[in-house]
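In: Give me a model of this one.
(one chain, ligands or ions: 1)
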Amino acid sequence: MSPVGATARWIAAARALETESETPLFVDPYARALAGEDGFALLDSMRRSMGPTAAGVGPDLYLSLRTKYLDDGLMAAVAERGISQVVILAAGMDTRAFRLSWPRDVVVYELDRDDVFDAKEAVLSQRGAEAPCARHVIRIDLAQEDWVARLLATGFDRTRPAAFLTEGLLMYLRPQDADRVVDAVTSIAADGSWIGMDVVNREMIESPFTAAYMKRLAELGAPWLFSMPDPEVYFARRAWLATVVSPGDPGANFGRWTFPTIPRSVPNLPRSYFIVATKGRVAELPGPTSTATAEHYAWGEGCDGWHLVRHDSLSVIQEEMPAGTTESRHRHARARQFFYVLSGTLTIEAEGAAHTLTAGSGLEVPPAIAHTAANHGSGPVRFLLVSQPPAQGDREPA
Ligand code: SAM
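Out: Just a heads-up that it's a prediction; the model follows:
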């Protein structure tokens, strides 16, 4: 098996360990056999490359979260969009066709190289595995051959939305090949199609923190070559609306990631991302929002806030402070903020200077400036607070 093909066995070994754990996030009954001894040896060797303390015997946290996140995303996309075509690029030892509960009409296309399918099909038939859906195996090199033509010739209908998965693939491709794969998916993805994947940023490949791991991958003949600095932008340019999370973020920790994640606004750190994206921007544009529908929180003495926009990169909050209330004085290390008054009177003290704002006026507060907002008026004050990046978790008393 090619060195990159062999990495599929490593991932299967990780799935076997998760399956055999006490409270598994998913169950892959074929994973142990598909991994074989080679898969477990590779898993162990990759763990050892991260240092003696990283080597362990339990499931691999990252790979377990990745599989579960993409399982859930894929099943939701199929159910919610009525998708009946699922294309798994670089399927490796992926057994989703067998282990997920598909609607009756789903067709799964699995693409990978010959050597991987030689090993995989032998194990599956030995075990009498039967997929509850139609399954087509397409033996092809995604970087060298016209896989789109083969997919179409096998029955894929480009006029209907489909779900695509490229899990654990793009990092192994040369950048031009990775772009070509995504562009080819884009060319056959009807509006409403869905894609799920994981990618890494440049620092993951180049940082001294990850050097030993990268060296081991290169020694194995499977170096990581492709990174994506800004997945939202990468996909937006190709008419996909992407949701990007880091493993451990809300929705991507499944109760397993017990330490805080570092916000994306902190630069120069190695990162991996889980991405799900939908083709066609308009269909996925958020609907209107208001204080009636937005997430509410209470703060201070009787003050209210509503998250009108809540993303990793931008926060827009509507706040309401009753008469006579004052927030505690603080500063933000990174967030730049803009207060804009909708009604009432807001007094902002910033580095000793007091500013009185009435409806239709606002004040920008740059990072590192100590400030406090107060309502010295006789009625409530309502205002918008725009922060970039979001100020949550970036606040120190001043
Ligand atoms: N997606 C599977 C999973 O998550 O278990 C397999 C991931 S494995 C890390 C990488 C897979 O990419 C291997 O199965 C390998 O054969 C496949 N792959 C890498 N380059 C490829 C190429 N040019 N054409 C086809 N498959 C490729």
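In: What is the burial count for the closest residue to the ligand within the stretch 1-150 of the chain?
Out: Relative to the ligand, the nearest point of the stretch 1-150 of the chain is Gly92 (2.5 Å; Cβ to the nearest ligand atom). (C-beta placed from N, C-alpha, C; glycine too.) Residues lying near Gly92 (other Cβ atoms under 10 Å) number 26.
In: and it, what element?
Out: Per DSSP states H and E, Gly92 falls between elements, in no helix or strand.
In: That one: what's it in contact with?
Out: Shown in contact with Gly92 (Cβ atoms under 8 Å, 6 or more residues apart in numbering): 5, 7-8, 11-12, 112, 116, 120, 168.
In: With neighbour count added, can I get those in JSON lines?
Out: Shown next, in JSON lines, are these (neighbours: other Cβ atoms under 10 Å):
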{"residue": "Gly5", "neighbour count": "21"}
{"residue": "Thr7", "neighbour count": "25"}
{"residue": "Ala8", "neighbour count": "27"}
{"residue": "Ile11", "neighbour count": "24"}
{"residue": "Ala12", "neighbour count": "29"}
{"residue": "Asp112", "neighbour count": "25"}
{"residue": "Val116", "neighbour count": "25"}
{"residue": "Lys120", "neighbour count": "25"}
{"residue": "Gly168", "neighbour count": "20"}
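In: thinking again about what came up before, find the residue closest to the residue of the stretch 1-150 of the chain closest to the ligand in space, skipping its chain neighbours.
Out: Ala8 (2.8 Å; Cβ to Cβ, 6 or more residues apart in numbering).
In: wait, doesn't the one you found sit right on Asp118?
Out: No. Counting by Cβ atoms under 8 Å, Ala8 does not reach Asp118; the two are 11.9 Å apart.
In: what's the overlap in contacts for these two?
Out: By Cβ under 8 Å, 6+ apart, Ala8 and Asp118 have no common neighbours.
In: Can you name the residue of the stretch 151-300 of the chain nearest to the ligand?
Out: Gly168 (3.4 Å).
In: That residue and Ala373, how far apart?
Out: The gap separating Gly168 from Ala373 is 47 Å, by Cβ to Cβ, to the nearest Å.
In: And for Val148?
Out: Look at Val148 and Ala373: by Cβ to Cβ, they are 56 Å apart.
In: With neighbour numbers in mind, choose between the two.
Out: Ala373 (25 against 16).
In: Wait, the more buried one touches Met321, no?
Out: Yes. With contact defined as Cβ under 8 Å, Ala373 counts as touching Met321 (7.1 Å).
In: what is in contact with these two at once?
Out: 327, 346.
In: that older thread, just put the contacts of Gly92 in a markdown table and tack on pLDDT.
Out: Below are the contacts of Gly92 laid out as a markdown table (pLDDT from 0 to 100):
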| residue | pLDDT |
| --- | --- |
| Gly5 | 87 |
| Thr7 | 95 |
| Ala8 | 97 |
| Ile11 | 97 |
| Ala12 | 98 |
| Asp112 | 98 |
| Val116 | 97 |
| Lys120 | 98 |
| Gly168 | 97 |
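In: Counting only strands, which of the residues you listed make the cut?
Out: If you go by DSSP state E, these have Asp112 in strands.
In: Need the max-distance pair from the contacts of Gly92.
Out: Based on Cβ to Cβ, the longest span within the contacts of Gly92 runs between Lys120 and Gly168 and measures 14.8 Å.
In: one step back: which residues sit in contact with the residue of the stretch 151-300 of the chain closest to the ligand?
Out: Gly168 sits next to 7, 11, 66, 90, 92, 198 when contact means Cβ under 8 Å, 6+ apart.
In: next one: Leu220
Out: Leu220 touches 3, 6-7, 42, 45, counting by Cβ under 8 Å, 6+ apart.
In: again, 6 Å this time
Out: The contact partners of Leu220, taken as Cβ atoms under 6 Å, 6 or more residues apart in numbering, are Pro3.
In: Quick check: pLDDT value at it.
Out: If you check Leu220, the pLDDT there is 94.
In: quick one: it from Ser207, how far?
Out: 19 Å.
In: What pLDDT does the model give Ala55?
Out: For Ala55, pLDDT reads 56.
In: Which residue is the nearest non-sequential neighbour of Met1?
Out: Asp115 is the one closest to Met1 (Cβ to Cβ, 6+ apart), at 4.6 Å.
In: Pro229 - how many residues pack around it?
Out: Pro229, neighbours per other Cβ under 10 Å, totals 11.
In: residue boundaries of the strands in the stretch 1-150 of the chain?
Out: With DSSP state E, counting those that start in this stretch as the criterion, the stretch 1-150 of the chain has strands at 85-89, 107-112, 134-139.
In: ok, the first one: who's next to it in the sheet?
Out: Looking back up the chat, that one is strand 85-89. The pairing partners recorded for strand 85-89 under DSSP bridges are strand 107-112 (parallel), strand 163-166 (parallel).
In: Out of these, flag the one nearest Ser265.
Out: Of the strands paired with strand 85-89, nearest to Ser265 by Cβ to Cβ is strand 163-166, at 26.7 Å.
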